[in-house]
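> Need a 3D model of the sequence below.
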Amino acid sequence: MYVAFKISGSFAVPVGTQAVEGLANLFRLPSGEVVSVHPVIEMASALESDDHRDLTIAEGTELGIHLDLDDRDSSLQDRA
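Numbers count the residues shown, from 1 in each chain. Coordinates of the predicted model:
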């Protein structure tokens, strides 16, 4: 079985942020730090619980869960 999903959105970055040349989906902030967006699988102990957290690759493997990405594309854009 599998879960099909699509995620679309954006996040604000400071003026002066630049795409890292030659490395897709990476952006260098004016501070020199590098950011990117990665889909993650979130896990909670129960539907009503307040203990949501990102599932690690090792934990996912133990549970028989594997994130298979078909495509991921990011671009730097000015706000109009």
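> Please make it C-alpha for all contacts and neighbour counts, starting now.
OK.
> Can you list the residue ranges for helices in the protein?
Ranges of helices in the chain, per DSSP state H, are 57-63.
> Report the beta-bridge partners for residue 28.
Using DSSP bridges, the bridge partners assigned to residue 28 are residue 18, residue 34.
> Let me see the backbone angles for the residue positioned nearest the centre of the chain.
Compute the mean C-alpha point of the chain, and by Cα atoms, centre = their mean the closest residue is residue 38, 1.8 Å away. Backbone geometry at residue 38, expressed as degrees, to the nearest 10, gives phi -130, psi 130.
> from now on call the first residue 44
From this message on, residue numbering opens at 44, which makes the last subject residue 81.
> Next one: residue 82, what pLDDT does it get?
Note on residue 82: pLDDT of 83.
> roughly how far apart are it and residue 59?
Residue 82 sits 25 Å away from residue 59, going by Cα to Cα, to the nearest Å.
> same thing with residue 67?
18 Å.
> residues near residue 62, how many?
19 (other Cα atoms under 10 Å).
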